[in-house]
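1. Any chance you could fold what I've pasted below:
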Amino acid sequence: QGAGVVVIGLPVGLSGREGPQAATVRAFAETLENASEEPLDIVFWDERLTSAVAERALEAQGRKKHRRSGEIDAIAAAVILQGYLDAERNSFRQQPPRGREAR
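-> Here you go, the predicted structure:
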């Protein structure tokens, strides 16, 4: 409630094309928007390589692979959000890949 922007990672392949799970992510965003009592500003953010960045961060901390599956997702989400915040701070807003404009 009262969120200014909802940033959602969009699965995009290295080629720049949306991955197979992108339709599921877009459907989730639509469900979220329909459930909200207030209009939402939804921004889709390219999540390319965020899991790899998260895995490297955990490896650097010496974390064991079998104990970190949920941690990878959490760190990847933080990387996505930080990317958005950095872009906003630099007065640049990345266009959502092949999709709906932020609203």
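
2. contacting residues for the residue sitting furthest away from the middle of the chain?
-> Distance from the centre of the chain peaks at residue 62, with 25.2 Å (C-alpha atoms, centre = their mean). Counting by C-beta atoms under 8 Å, 6 or more residues apart in numbering, residue 62 touches no other residue. In this view, the C-beta of every residue, glycine as well, is placed from N, C-alpha and C.

3. That one and residue 55: what is the separation?
-> Residue 62 sits 13 Å away from residue 55, going by C-beta to C-beta, to the nearest Å.

4. and if you look at residue 76?
-> For residue 76 relative to residue 55 (C-beta to C-beta), the value is 9 Å.

5. what do you get for residue 61?
-> 11 Å.

6. With neighbour numbers in mind, choose between the two.
-> Using other C-beta atoms under 10 Å as the criterion, residue 61 and residue 55 rank with residue 55 on top: 17 against 9.

7. was I right about that one contacting residue 69?
-> No - look at residue 55 against residue 69 with C-beta atoms under 8 Å: they stay out of range, at 10.3 Å.

8. burial count for residue 71?
-> Residues lying near residue 71 (other C-beta under 10 Å) number 15.

9. then the host helix or strand of residue 43 to PDB, C-alphas only?
-> Element membership of residue 43, judged by DSSP states H and E, is strand 42-46. Extracted C-alpha coordinates of strand 42-46, given in PDB (Å, rounded to 0.1, in the frame of the first residue of the first chain):
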ATOM      1  CA  ILE A  42       4.800  -1.200 -12.700                       C
ATOM      2  CA  VAL A  43       8.300  -1.300 -14.200                       C
ATOM      3  CA  PHE A  44       9.600  -4.400 -15.800                       C
ATOM      4  CA  TRP A  45      13.400  -4.600 -15.300                       C
ATOM      5  CA  ASP A  46      15.700  -6.800 -17.300                       C
END
